[in-house]
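Asker: based on what follows, work out the 3D shape:
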Amino acid sequence: MKHIFTIITLCLIVLCVVLSCSGPKDSRDYKTVIIDQLDALYPNEQFVGEATRLLEDAGFSVDVIQGDQINVEFYRKLAAKDYHLIIFRVHSTMKPGTTEDNGTTYLFTNEPYDKTKYVSHQLAGQVMPACLDENNPEFFAVSADYLTKYGEGRFNKSVIIMMGCLSLITPDMAESFISQGALFYCGWTGSVKLDYVDDFTLAFLANLTTDNTTFKQACYLTADVKGPDPTYHTIFSYYPTENEDYSLSSIK
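Answerer: Below you'll find the predicted structure:
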């Protein structure tokens, strides 16, 4: 009897090991990050909390990055962190004097501007000082060219959601992420109001995390309900079109 009990115990142990190896991946393997650069001046805890809930319900683990962690080096090393879905609640802008035909897109950091830092990159136009308006301090902003040339690692079929103004008025930032291995990039073709874009992004995530909804369907479903930005009439767009029929399941 003792031997039978021992055999049963060993079988149960083996079965547990087999199931742990062959079963579904732990959700922590599916990583999302919310890069909330705007939290310092325009916090929205409701947005962060609801976005986190939607993503965790869809099987993703969620990191939230805020404050002075969002600096030039953070962007340079972002691809190496192996996030599957990256949400940028980040102000973005174009280099002064450029247009949508020849424009350069920049992402804000929370690193205070210092003319003695990143001198070679400043001279090359890869980083520059930027501010929301004359009443706010200057911070470093990084260009698509900087991310392409100096980014560490590669994005592994990552989905990029850009919430900032002008984030897809020109394709340079989208092309930078796609060239580094990202699967899909979506953003805005002009200026947007923050309260509108926070609300739009939550609706977009709700659609995106619905089973088998493609990127294209999520974009169109959200835009159909929310419409363009009511102040600037800006629309939400995406890049590249050849990947529009993938879904979040494609990156798991």
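Asker: partners of residue 214 in the sheet?
Answerer: Counting by DSSP bridges, residue 214 is bridged to residue 247.
Asker: state the distance from it to residue 226.
Answerer: Distance, residue 214 to residue 226, using CB to CB, to the nearest Å: 18 Å. Where C-beta positions appear, they are placed from N, C-alpha and C, glycine not excepted.
Asker: equivalent analysis for residue 241, please.
Answerer: Using CB to CB, residue 241 is found at 21 Å from residue 226.
Asker: do residue 202 as well
Answerer: From residue 202 to residue 226 the distance is 10 Å (CB to CB).
Asker: do residue 250 as well
Answerer: 24 Å.
Asker: more neighbours: the two, which one.
Answerer: Neighbour count, other CB atoms under 10 Å: between residue 250 and residue 226, residue 226 has more, with 18 against 15.
Asker: what about the closest residue to that one other than its chain neighbours, how many neighbours?
Answerer: Counting by CB to CB, 6 or more residues apart in numbering, residue 200 is the residue found nearest to residue 226 once chain neighbours are left out, at 4.9 Å. Neighbour count of residue 200, defined by other CB under 10 Å: 22.
Asker: try residue 124
Answerer: When neighbours are defined as other CB under 10 Å, residue 124 has 13 of them.
Asker: same deal with residue 231?
Answerer: Residue 231: 10 neighbours (other CB under 10 Å).
Asker: can you pull the pLDDT of it?
Answerer: On pLDDT, residue 231 comes in at 97.
Asker: that one contacts residue 193, correct?
Answerer: Yes - here residue 231 reaches residue 193: they are 5.1 Å apart, a contact under CB atoms under 8 Å.
Asker: and the residue nearest to residue 153 when sequence neighbours are not counted, how far is that from residue 155?
Answerer: Using CB to CB, 6+ apart and skipping the chain neighbours, the partner closest in space to residue 153 is residue 80 (3.0 Å). For residue 80, the distance to residue 155 equals 9 Å [CB to CB].
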